[in-house]
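Peer 1: return atomic coordinates for the entry below.
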Amino acid sequence: MTDEPNGTDLAYIASLTRVRAAAGVIFLDQEGRVMVVYPTYKPSCELPGGALERDESPLSACERELKEELGFVPRLGGMLCVDWVPPNPPWDGGLMFLFDGGVLSPAQIADIRLRPDELDRFEFVPVDELESVLVPRLARRVLACLPMRGRGAVYLEDGVSLNR
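Peer 2: The predicted structure follows:
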């Protein structure tokens with residue numbers, strides 16, 4: 001046996017779907033509020049993170065995006081969720097990964113250096129206000145992940161848990 005594909009494998013591999021993917025992180029402050037960032041290129045806020053580049057792992061993408069957006073990369077905890085997001089034209093369906101960034105200290109927060117061409121600002125939002133600041137799919141995802149901190153990951157479809 002070999003890991004090298006043969007001609008039949010190559011044809012099959014070429015027929016498989018390709019899925020867009022993104023990875024982000026949930027950071028909390030010492031009051032339990034969730035960090036959101038405000039991109040300069042869109043009207044809605046997001047979590048820190050971004051799209052995976054070709055052949056990049058979700059964790060590597062998340063770390064790269066944190067370095068680019070916030071100027072630092074703390075040690076991330078475990079994965080909190082994988083969320084299948086159904087197609088919403090013009091977007092194809094995709095997989096979204098969220099990691100646990102833990103609780104940031106006041107010193108870590110003070111050291112954040114936003115990239116001004118990418119992010120306008122950040123703030124920490126109380127959990128009970130997330131649905132009013134995040135788009136619905138992202139609010140569902142974050143709210144499903146918060147109880148999973150320290151417990152493992154949850155599988156979501158469009159922000160709804162399908163763990164059985």
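
Peer 1: going forward, measure contacts and count neighbours with C-alpha atoms only.
Peer 2: Will do.

Peer 1: pretty sure residue 127 contacts residue 31?
Peer 2: No - using C-alpha atoms under 8 Å, residue 127 is not in contact with residue 31, being 10.2 Å away.

Peer 1: between these two, point out the one with more neighbours.
Peer 2: Legend: neighbour count by other C-alpha atoms under 10 Å for residue 127 and residue 31, higher for residue 127 (15 against 10).

Peer 1: tally of neighbours for the nearest residue to the more buried one once chain neighbours are set aside?
Peer 2: Counting by C-alpha to C-alpha, 6 or more residues apart in numbering, residue 127 lies nearest to residue 33, which is 6.0 Å off, once chain neighbours are set aside. For residue 33, the neighbour count with other C-alpha under 10 Å is 19.

Peer 1: repeat for residue 89
Peer 2: Residue 89: 7 neighbours (other C-alpha under 10 Å).

Peer 1: what's the answer for residue 46, then?
Peer 2: 20.

Peer 1: and what of residue 10?
Peer 2: Neighbourhood size, residue 10 [other C-alpha under 10 Å]: 11.

Peer 1: may I have the predicted confidence score for it?
Peer 2: pLDDT for residue 10: 80.

Peer 1: ok, now residue 77?
Peer 2: Looking at residue 77, its pLDDT stands at 86.

Peer 1: close enough to count as contact, the residue nearest to residue 127 and residue 130?
Peer 2: No - with contacts counted by C-alpha under 8 Å, residue 33 stays clear of residue 130, the gap being 9.4 Å.

Peer 1: which elements pack onto the helix-or-strand element of the chain with minimal mean pLDDT?
Peer 2: Taking mean pLDDT, DSSP states H and E as the measure, helix 7-15 is the helix or strand of the chain with the lowest mean score, a mean of 77. Using 3 or more C-alpha pairs under 8 Å, 6 or more residues apart in numbering; DSSP states H and E as the contact criterion, helix 7-15 has no neighbours among helices and strands.

Peer 1: ok, and what's touching the longest helix anywhere in the chain?
Peer 2: With secondary structure taken from DSSP state H, the chain has its longest helix at helix 58-70. The contact list for helix 58-70 (C-alpha atoms under 8 Å, 6 or more residues apart in numbering) reads 21-25, 48-53, 72-73, 97, 112-115, 118-119.
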